[in-house]
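Asker: Task: produce atomic coordinates for the following.
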Amino acid sequence: RLMMEVAYQAVQQSGYFSSQDTDQHVGCYLGVCNSDYETNVACHEPNAFTTTGNLRSFIAGKISHYFGWTGPS
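Answerer: Coordinates of the predicted model:
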């Protein structure tokens, strides 16, 4: 959730939304190294949402999907 908020702010501040001719072929790259949530989840029994909150490789794809970007992520 926090990454989605930060990505939205970055895109908004870049002026991308105000452009009439927005090219949807945009790449999304980011680095994620620490995961406090993963440590927290490890202390509890696994459930249906345990994995989805910890797949860091999916973060860039989720951001790209939200904005409708078709470039690499």
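Asker: show me the contacts for residue 66.
Answerer: By CB atoms under 8 Å, 6 or more residues apart in numbering, the contact list for residue 66 reads 4, 7. Any C-beta I mention is one placed from the backbone N, CA and C, and that applies to glycine too.
Asker: Go ahead and list the helix or strand containing residue 61.
Answerer: helix 59-67 (DSSP states H and E).
Asker: Return the alpha-carbon coordinates of that helix using PDB.
Answerer: C-alpha atoms of helix 59-67 as PDB (Å, rounded to 0.1, in the frame of the first residue of the first chain):
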ATOM      1  CA  ILE A  59       5.400  -4.700  -6.500                       C
ATOM      2  CA  ALA A  60       6.600  -3.200  -9.800                       C
ATOM      3  CA  GLY A  61       4.000  -5.200 -11.700                       C
ATOM      4  CA  LYS A  62       1.300  -4.100  -9.400                       C
ATOM      5  CA  ILE A  63       2.200  -0.400  -9.900                       C
ATOM      6  CA  SER A  64       2.400  -0.900 -13.700                       C
ATOM      7  CA  HIS A  65      -1.000  -2.600 -13.800                       C
ATOM      8  CA  TYR A  66      -2.600   0.100 -11.700                       C
ATOM      9  CA  PHE A  67      -1.400   2.900 -14.000                       C
END
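Asker: What mean pLDDT does that helix get?
Answerer: In this model, helix 59-67 has a mean pLDDT of 90.
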